[in-house]
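>>> here's my sequence, what's the structure:
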Amino acid sequence: MKLFQRLLVAPAALGLMVPVAANADTAFTSSTTLSGGAFFTVGSVADGGANDLEEELYMQYAYGLNINTSFTGQDMLTTGMWTGNASGPLSKMDSAETGGGALKIGSLYYAFPVGDLAVTAGPLLDQDDVVAATTSAYSDAFRLGSMPYSLAGSETGPGIGVAYSNDNGVVASVSFVSETGASSTVGIAADDGDDVTTFTLGYNGNGFGGGLVLATNDGDGPNAGDGTLGYDSLGGGIYYTPESIPATISVAYDTIDPETGSDASDLFIGIDYTVGPGTLSAAYNSTDVDGGSSADSTGFEVSYTYALNDSMKITPGFFTVEDTGTGDDDTGVVVETVFSF
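From the prediction side, this is the model:
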């Protein structure tokens with residue numbers, strides 16, 4: 001899931017929390033909270049796009065609202081809505097959203113506890129909404145991110161997930177999402193439907209941890225021809241926060257075996273370091289696609305995030321991403337301003 005959606009939607013696997021009471025004079029009940037955010041992204045990418053022609057300075061936005069409602073104090077009904085006008089090379093930013101200004105419901109699910117388990121179910125659940133294991137502690141607040149295959153979050157539909165955690169730090173989860181489950185002619189878990197199952201297992205310790213993620217998509221449905229191909233993916237990662245320095249180091253490795261196309265792997269290394277009033281972040285990733293070097297790529301980014309006040313943050317940064325075709329590498333300078341409420 002992209003950064004913007006992660007900020008708005010409460011983590012389903014761990015999001016069973018007691019909501020803050022709203023003002024009794026408002027239209028909301030005492031169990032409902034409304035939050036939201038907006039991204040202003042301005043930047044320019046040298047040699048951007050497939051033909052190295054998208055180089056001009058331009059600006060895009062992302063905007064969203066999140067409504068959380070609890071009926072018992074331990075459950076949570078989550079509704080996430082967002083839109084944006086991302087285009088060109090900056091559409092690869094983690095905050096990028098499309099929609100052209102039409103606010104659309106992108107997530108809708110209900111989470112509730114059953115003993116030591118947290119159960120999440122609903123008509124709009126992303127593949128990566130129910131993830132108990134932490135494979136990377138990197139902020140993912142700029143362009144590069146870890147686990148592009150196993151936690152891509154590209155499938156959305158009716159789904160259910162169960163997460164478990166204990167006092168020793170062991171966590172696990174399993175989820176099922178049917179991308180074609182909203183269709184009356186295909187249905188959920190149909191022979192000609194697209195369904196993805198995701199398993200995670202991990203350990204969240206004091207200052208370190210890691211996890212494994214296994215995802216499999218049967219790729220049987222009508223979306224198989226538009227990029228939603230069947231696949232098996234396996235990835236894992238670890239993170240560490242040394243006591244001697246104010247930093248978090250994350251390393252993740254992800255692989256995919258698609259039914260159509262070549263196998264691929266991705267190595268990601270990210271570091272967040274507290275400097276002055278903000279956080280300095282740097283990341284590197286390398287993607288290796290079987291069958292030749294023309295599709296391989298590497299990327300690098302550096303950004304600095306600091307708060308202007310309790311509700312505004314600004315992140316200037318730089319990235320360079322290898323062009324996998326015949327063009328020059330894409331190199332961008334970007335400034336993002338985040339408003340949260």
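>>> which residues of the protein score low on pLDDT?
When residues are selected by pLDDT under 70, those of the chain lie in 1-30, 49, 221-228, 292-293, 323-327.
>>> quick one: strands adjacent to the biggest strand by length in it?
Counting residues, the longest strand found in the chain (DSSP state E) is strand 32-46. Partners of strand 32-46 in the sheet, by DSSP bridges, are strand 58-69 (antiparallel), strand 330-340 (antiparallel).
>>> the ones you listed: which one's closest to V186?
strand 58-69 (28.8 Å; CB to CB). C-beta: built from backbone N, CA, C; applies to glycine.
>>> now the very next helix or strand once past that closest one against strand 58-69, angle please.
Heading C-terminal from strand 58-69, the first helix or strand you meet, by DSSP states H and E, is strand 76-84. Interaxial angle of strand 76-84 relative to strand 58-69 (axes from the mean of the first three to the mean of the last three CA atoms, to 10 degrees): 160 degrees.
>>> partner strands of strand 76-84 and their direction?
Applying DSSP bridges, one finds strand 76-84 paired with strand 58-69 (antiparallel), strand 104-114 (antiparallel).
>>> identify each buried residue in the last one, please.
Of the residues in strand 104-114, those buried under the neighbour-count criterion (16 or more other CB atoms under 10 Å) are G106, S107, L108, Y109, Y110, A111, F112.
>>> now it, how far from the centre of its chain.
The chain centre lies 16 Å from the centre of strand 104-114; the measure is CA atoms, centre = their mean, to the nearest Å.
>>> hey, C-alpha coordinates of it in CSV?
Coordinates of the C-alpha atoms in strand 104-114 are reproduced here as CSV (Å, rounded to 0.1, in the frame of the first residue of the first chain):
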residue,chain,number,x,y,z
LYS,A,104,-13.6,7.6,-3.7
ILE,A,105,-14.0,4.9,-1.0
GLY,A,106,-10.8,2.8,-1.3
SER,A,107,-11.0,0.8,2.0
LEU,A,108,-14.0,-0.4,4.0
TYR,A,109,-13.6,-3.1,6.6
TYR,A,110,-14.5,-4.1,10.2
ALA,A,111,-12.0,-5.4,12.8
PHE,A,112,-12.8,-7.1,16.1
PRO,A,113,-11.0,-9.3,18.7
VAL,A,114,-11.7,-13.0,19.2
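>>> who's in contact with it?
Under the criterion CB atoms under 8 Å, 6 or more residues apart in numbering, residues 5, 9, 12, 15-16, 72, 74-83, 118-126, 129, 156, 159 lie in contact with strand 104-114.
>>> following element in sequence after that strand, please.
Counting by DSSP H and E, what follows strand 104-114 is strand 117-126.
>>> and the angle from that next one to strand 104-114?
170 degrees.
>>> and strand 117-126, what does it pack against?
Helices and strands touching strand 117-126, by 3 or more CB pairs under 8 Å, 6 or more residues apart in numbering; DSSP states H and E, are strand 104-114, strand 156-165, strand 170-178.
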